[in-house]
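Colleague: Prediction below, plus the sequence it came from.
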Amino acid sequence: MSNKHKNEQNEIFIIKQINGLLSGDIVLHPIYRSDGLMLIKQYKALSNDLALKVKQMVPGTLPVIVLSPDCDMEAFDKSQFYGSDILIAELRKIRKKYSEYVQVPIEMSALIDRRTNTKNEIVPINKNSNNEDIYISSLCESPFFSTFEKKLESSHLQLRAKKIKEILTATILENKVLLDKLNEIKDYKDIILLHSINTTSIALMLGLTLELPEEDLLDLALANLLIDISVTQIPKDQFELHLKSKNSNKDFYNLHLNQLKILSQKLPLIRKESIIYGVLDHYEYYNGNGYPKGKKESDISLFGRIISIAQAYDEMVGGYFYNNGLKPIQALQNIWENRGSRFDPDIIRIFIDRTTILKLGQHIMYSSFYQGMIIGFTDFINFPISPIVKLENGNIVDLLEAGRV
């Protein structure tokens, strides 16, 4: 089912349900995962694989606004319809619906075109500005980045989270080389832009629950950002091969390492042992079966152990490696099951205990069949990722007994 909206000349946009998305549809607003991390950016043209991924990750009955086949992006931009009262009104309805599904607050600024403010006024953009604020805007408008402190249990951690976000954005803005490199991410590949924002947010959450001081939190975020910055220096065809191959990690690591050396010459800010090892060690496994050195346990740098979890979680959920991806709770369960082998078990346990992600009253989307509210745990001490859930239809399911779906 879809609703069509027209101006005086043409049909401009169509409102359909997620389960009605087709290859070629251009989505007029970002689509977010249930954990608040971005899945699809605004104005993304969907491939068949991407449309299928969205349908798997997002409830099929949620509304979505797409550009009409009778209109193209050039005409849409030229008419400034992105700032029209009609579209903004529909986006407000979208926000209300998504707020019932996404676990973090969704602000209008996260849905509307950045050329429009929340008062429906067109904001002129200087075309000669080289879009210097693209990355910072994307970062700050991300619902997860802008609100992740609300997932931390203590007010102490929440205040610290707000402060480190301010320090990080100020540091980026003050360093033109760093800012330019981050802005290049957008032109390289959409998934890298989303991945860098998502993983930086997760890494900071992990670091905060471990009580890292501000200087270390900043360096942790920079180390994580450096991973994606260095990726953009690799030819796109080689990166595509990496995404499609299950055996290219070590070759990709060598390319990654070479680019890291080049970047360190241009960015004195990153010439710290903790940052460099944070990047290099995130390929290591806690049990010593990773690479390049086969380090294990505490021999792996703390940043490396943190970033390894952040990167793995977003890769599992995002489905970047030509797979459909997992639900957020399924990815967290995967990480939990690999504690002690691939991931540091202490970091994972502390993160679960000091956040509200898996606590009573939280909404979770476990699979197409299991969506509902956490009402308890059979054994939180040993199985904190297997809650008892009251489903939307009123049925109660113990995920510990149900097992993986």
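Modeller: Okay, I see it.

Colleague: care to break the chain down by domain?
Modeller: Using automatic domain parsing, the domain ranges for the chain come out as 134-353, 363-402.

Colleague: export the ones you listed to CSV and tack on mean neighbour count?
Modeller: Any C-beta I mention is one placed from the backbone N, CA and C, and that applies to glycine too. Converted to CSV, those look like this (neighbours: other C-beta atoms under 10 Å):
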stretch, mean neighbour count
domain 134-353, 18
domain 363-402, 16
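
Colleague: Just send those back as a markdown table, with mean pLDDT too.
Modeller: Listed next are the domains of the chain as a markdown table, based on pLDDT from 0 to 100:
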| stretch | mean pLDDT |
| --- | --- |
| domain 134-353 | 89 |
| domain 363-402 | 86 |
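
Colleague: Output the ones you listed in CSV; the columns should cover distance to L39.
Modeller: Output for these, formatted as CSV (distance: least, C-beta to C-beta, whole Å):
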stretch, distance to L39
domain 134-353, 7
domain 363-402, 13
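
Colleague: Just tell me which of those ends up closest to Q17.
Modeller: Set against Q17 and scored by C-beta to C-beta, the domains of the chain come closest in domain 363-402, at 14.5 Å.

Colleague: follow-up on the earlier one: out of the domains of the chain, which gets nearest to L62?
Modeller: Nearest to L62, of all these, is domain 363-402, at 11.4 Å by C-beta to C-beta.

Colleague: Within the helices and strands, which one has S34?
Modeller: Using DSSP states H and E, S34 falls within no helix or strand.

Colleague: show me the contacts for L139.
Modeller: 145, 169, 197, 200 (C-beta atoms under 8 Å, 6 or more residues apart in numbering).

Colleague: wait, isn't K181 in contact with D228?
Modeller: No. K181 is not in contact with D228 according to C-beta atoms under 8 Å; the separation is 9.5 Å.

Colleague: the helices in the stretch 301-405 of the chain, which residues?
Modeller: 302-318, 328-337, 345-354, 399-402 (DSSP state H, counting those that start in this stretch).

Colleague: Could you list every helix and strand that the last one packs against?
Modeller: In this structure, helix 399-402 makes packing contacts with strand 387-391, judged by 3 or more C-beta pairs under 8 Å, 6 or more residues apart in numbering; DSSP states H and E.

Colleague: same deal with the longest one?
Modeller: Here helix 302-318 touches helix 190-209, helix 214-231, helix 273-281, helix 328-337, helix 345-354, going by 3+ C-beta pairs under 8 Å, 6+ apart.

Colleague: now the fourth one against helix 345-354, angle please.
Modeller: For helix 328-337 and helix 345-354, the angle between their directions (axes from the mean of the first three to the mean of the last three C-alpha atoms, to 10 degrees) works out to 140 degrees.

Colleague: So that it lines up with my notes, have the first residue be 217 from now on.
Modeller: With the count now opening at 217, the last piece we talked about shows up as helix 544-553.

Colleague: how far off helix 518-534 does helix 544-553 point, in degrees?
Modeller: Using the same axes, to 10 degrees: helix 544-553 against helix 518-534 is 140 degrees.

Colleague: residues making contact with helix 544-553?
Modeller: Residues outside helix 544-553 that contact it (C-beta under 8 Å, 6+ apart) are 249-251, 525, 528-529, 532-533, 542, 559, 564, 568, 573-574, 580-583, 600-602, 620.

Colleague: Identify the residues contacting the closest residue to L471 other than its chain neighbours.
Modeller: Excluding its sequence neighbours, the residue lying closest to L471 (C-beta to C-beta, 6 or more residues apart in numbering) is I450, at 5.2 Å. Applying C-beta under 8 Å, 6+ apart to I450 gives the contacts 468, 471-472, 475.

Colleague: Which residue ranges of the stretch 217-366 of the chain form strands?
Modeller: 218-222, 227-233, 247-248, 254-256, 279-283 (DSSP state E, counting those that start in this stretch).

Colleague: chain center to the last one, what's the gap?
Modeller: If you compare the mean C-alpha spot of strand 279-283 with that of the full chain, they lie 21 Å apart, counting by C-alpha atoms, centre = their mean, to the nearest Å.

Colleague: Give me the helices and strands touching it, please.
Modeller: With contacts taken as 3+ C-beta pairs under 8 Å, 6+ apart, strand 279-283 sits against strand 227-233, helix 301-315.

Colleague: Show residues contacting that strand.
Modeller: Residues from elsewhere that reach strand 279-283, judged by C-beta under 8 Å, 6+ apart: 228-234, 237, 241-245, 247, 289, 292, 303, 306-307, 309-310, 313.

Colleague: Ok, stretch 562-582 next?
Modeller: For stretch 562-582, the external contacting residues (C-beta under 8 Å, 6+ apart) are 250-251, 275, 317, 319, 366-370, 373, 421-422, 425-426, 521-522, 525, 543-546, 548, 551-552, 555, 586-592, 600-601, 603, 605, 615, 621.

Colleague: can we see that at 7 Å?
Modeller: 250, 319, 367-369, 421-422, 425-426, 521-522, 525, 543, 545-546, 551-552, 555, 587, 589-592, 600-601, 603, 605, 615, 621 (C-beta atoms under 7 Å, 6 or more residues apart in numbering).

Colleague: what do you get for stretch 470-489?
Modeller: 391, 393-394, 435, 438, 442, 445-446, 449-450, 454, 495.

Colleague: at 8 Å instead, please
Modeller: Contact with stretch 470-489 is made by 387, 391, 393-394, 397, 435, 438-439, 442-443, 445-447, 449-450, 454, 492, 495-496, as judged by C-beta under 8 Å, 6+ apart.

Colleague: And stretch 493-510, by the same measure?
Modeller: With C-beta under 8 Å, 6+ apart as the contact definition, stretch 493-510 has outside contacts at 435-436, 439-440, 442-443, 446, 465-466, 469, 472-473, 476, 511-513, 516-517, 519-524, 527, 555-561.

Colleague: Start and end of that stretch, how far apart?
Modeller: End-to-end distance of stretch 493-510: 14 Å, with C-alpha to C-alpha, to the nearest Å as the criterion.
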